[in-house]
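Peer 1: Let me see the structure of the following:
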Amino acid sequence: MLIRAGLGAIVAVVAAIAATATPAQADSTVTVRGVAFPDSSVQLGAVGCESVLARTAETMQPRIGRGNGAPVAGQRSLGYDLAGGNAMGALFSVPSVTRTAVAGMAVQAPGGASGVAYAGYRSPADAGTNLVWFGRAPLTAVPGGWQQVDASRLSYTWTKYDLGTGQVVAPPTAAAPSTAPAFAAAHGGDGPGLFTVGFGCDGRPFSMDAVRAGTAGDVTTYDVEGLLTSTEMVGARSSVEAGESVDLVGRLVVPGGVVPHATLVLEELAAGAKRWRVVSVVAVGDDGLAHARVTPRTPTSYRWRFVDRPLAEGSESPSLLIDVVTAAAPSPTPSAEPSPSAKPSPSAKPSPSATPVPSPSSPSSPAPSSPSPSAPSPSVPSVPSISPTPTPSLSPSSVPSPTLLQEPGPTG
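Peer 2: The predicted structure is shown next:
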């Protein structure tokens with residue numbers, strides 16, 4: 001947020017925080033995805049190097065990367081390469097300048113870097129006004145590895161400003177530089193305020209990590225890491241006929257950010273295979289989708305994978321098994337009329353003969369038996385049934401959103 005217009009609001013907010021603060025709990029670590037710091041009291045901030053209000057116009061382009069040497073926390077760090085004249089780093093709004101135990105970060109600059117720290121303090125006598133004291137302390141990061149900078153322990157040269165006009169009310173004090181707690185004790189007692197730590201004044205690249213803030217026994221470390229991603233397989237068919245192709249769609253989801261020039265890798269595992277094989281590498285569109293067309297010959301599993309990179313962490317979709325089925329042969333169509341069977345002619349029925357009445361003098365003769373006529377009915381073939389085929393300045397605008405993130409980080 002903008003110092004000139006916004007510090008009064010900051011102080012009001014932290015005063016409210018101080019009134020409602022809960023007892024310290026325990027030290028903790030919070031993972032920051034890109035530049036999306038989740039705690040409003042700890043954010044990225046840019047200030048002028050010669051004066052807290054004298055910031056020049058410049059786009060602050062953050063870079064996420066692994067860089068040179070292991071970061072202080074996690075696997076990645078946040079880097080900047082400024083033009084010179086401004087300082088970029090961390091801004092801490094605190095409810096008490098005397099009880100703040102730590103407000104700082106780790107910095108690494110292969111070629112060394114110069115920066116600046118500021119402490120803001122509103123005395124009890126100035127409550128309800130636009131009057132705020134700002135202390136300034138120059139910073140230097142020596143070339144090489146990671147170094148810790150804690151603004152709460154630095155000694156500052158103090159100047160009083162009217163934030164309503166941006167004018168200096170009291171020039172830098174002639175007294176020796178003093179820490180924020182000592183200055184507050186000499187000007188009416190404790191009060192809310194802020195601290196800033198930043199580098200880039202000389203235009204040399206640097207990296208920052210492990211931003212830390214809190215009171216004794218309740219310090220939070222903010223570990224800068226890559227954007228979190230998830231990859232999905234978007235609604236696809238589970239079976240095809242032999243020789244048939246199917247479209248597969250992958251979706252890349254990046255909560256709170258965008259990965260520039262992202263690609264998804266489509267992989268397959270055919271039946272009997274032991275290793276996944278790359279089918280294609282597909283660019284992700286503005287809609288977050290990637291498309292590919294495949295023609296499996298055997299039952300095959302497919303998955304989409306986003307490869308881990310400095311800016312964002314990798315992810316893969318659940319696998320999808322596509323079965324290959326043989327198309328059913330068409331069933332013969334039965335004839336409309338069954339083929340007639342030859343009808344046997346019934347046996348001729350003999351004319352019945354009169355049964356002779358035996359005479360007493362002649363032997364009796366049996367009457368011939370008449371055969372029973374048999375006429376078999378023609379057989380009718382049954383009709384077969386057909387089954388259907390299954391078918392991320394102190395001004396919010398100066399804190400880059402994650403969509404501006406680049407990779408790799410220049411130094412860490």
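
Peer 1: Low-confidence ranges, the stretch 51-200 of the chain, go.
Peer 2: With pLDDT under 70 as the threshold, the stretch 51-200 of the chain has low-confidence stretches at 67-69.

Peer 1: So which residues of it form strands?
Peer 2: Secondary structure of the stretch 51-200 of the chain by DSSP state E, counting those that start in this stretch: the strands cover 63-65, 77-80, 86-94, 100-108, 113-121, 131-141, 147-150, 157-162, 167-170, 193-199.

Peer 1: Who are the packing partners of the last one?
Peer 2: In this structure, strand 193-199 makes packing contacts with helix 3-20, strand 42-48, strand 86-94, strand 100-108, strand 113-121, strand 131-141, judged by 3 or more Cβ pairs under 8 Å, 6 or more residues apart in numbering; DSSP states H and E. Every residue, glycine included, has its C-beta placed from N, CA and C.

Peer 1: before we move on, the earlier item: which of the strands of the stretch 51-200 of the chain sits closest to residue 41?
Peer 2: The stretch from the strands of the stretch 51-200 of the chain with the least distance to residue 41 (Cβ to Cβ) is strand 86-94; that distance is 4.6 Å.

Peer 1: List the buried residues in the closest one.
Peer 2: Taking 16 or more other Cβ atoms under 10 Å as the neighbour-count basis, strand 86-94 is seen to contain the buried residues 86, 87, 88, 89, 90, 91, 92, 93, 94.

Peer 1: correct me, but residue 201 touches residue 89?
Peer 2: No: look at residue 201 against residue 89 with Cβ atoms under 8 Å: they stay out of range, at 10.8 Å.

Peer 1: What is the neighbour count of the nearest residue to residue 318 once chain neighbours are set aside?
Peer 2: Here the nearest residue to residue 318 in space, its sequence neighbours aside, is residue 233; by Cβ to Cβ, 6 or more residues apart in numbering that works out to 6.3 Å. Applying other Cβ atoms under 10 Å, we find 18 other residues in the vicinity of residue 233.

Peer 1: Over to residue 128?
Peer 2: Around residue 128 there are 9 residues (other Cβ under 10 Å).

Peer 1: got it, and residue 194?
Peer 2: 29.

Peer 1: roughly how far apart are it and residue 209?
Peer 2: When Cβ to Cβ, to the nearest Å is applied, the distance between residue 194 and residue 209 equals 21 Å.

Peer 1: Test my guess that residue 239 contacts residue 321.
Peer 2: No: the pair residue 239 / residue 321 is not scored as a contact, 9.1 Å apart, by Cβ under 8 Å.

Peer 1: Out of the strands of the stretch 51-200 of the chain, flag the one nearest residue 243.
Peer 2: Distance to residue 243, taken as Cβ to Cβ, is lowest for strand 63-65 among the strands of the stretch 51-200 of the chain, at 45.7 Å.

Peer 1: So which elements touch that closest one?
Peer 2: Contacts of strand 63-65 with other secondary structure elements, assessed using 3+ Cβ pairs under 8 Å, 6+ apart, are made with strand 77-80.

Peer 1: Quickly run through the sheet partners of the strand it packs on, with directions.
Peer 2: In the sheet containing strand 77-80, the strands it pairs with under DSSP bridges are strand 63-65 (antiparallel), strand 206-215 (antiparallel).

Peer 1: quick one: which of the ones you listed is nearest residue 294?
Peer 2: Proximity to residue 294, assessed across the strands paired with strand 77-80 by Cβ to Cβ, is greatest for strand 63-65 (33.5 Å).

Peer 1: who are the neighbours in contact with the closest residue to residue 240 other than its chain neighbours?
Peer 2: The spatial neighbour of residue 240 that comes closest, neighbours along the chain excluded (Cβ to Cβ, 6+ apart), is residue 246 at 5.2 Å. Taking Cβ atoms under 8 Å, 6 or more residues apart in numbering, we find residue 246 in contact with 236, 237, 240, 293, 294, 295, 296, 322.

Peer 1: same thing but 10 Å
Peer 2: Residue 246 makes contact with 236-240, 292-296, 302, 320, 322, according to Cβ atoms under 10 Å, 6 or more residues apart in numbering.

Peer 1: Tell me the pLDDT of it.
Peer 2: Among the per-residue scores, residue 246 holds a pLDDT of 93.

Peer 1: One more: residue 233?
Peer 2: Residue 233 is given a pLDDT of 96.

Peer 1: Tell me which two in the contacts of residue 246 are the farthest apart.
Peer 2: Taking every pair in the contacts of residue 246 and measuring Cβ to Cβ, the maximum separation is 17.9 Å, between 239 and 292.

Peer 1: Which one's more surrounded, those two?
Peer 2: A side-by-side neighbour count of residue 239 and residue 292, using other Cβ under 10 Å, places residue 292 first with 18 against 15.

Peer 1: what's across from that one in the sheet?
Peer 2: According to DSSP bridges, the residues that bridge with residue 292 are residue 248.
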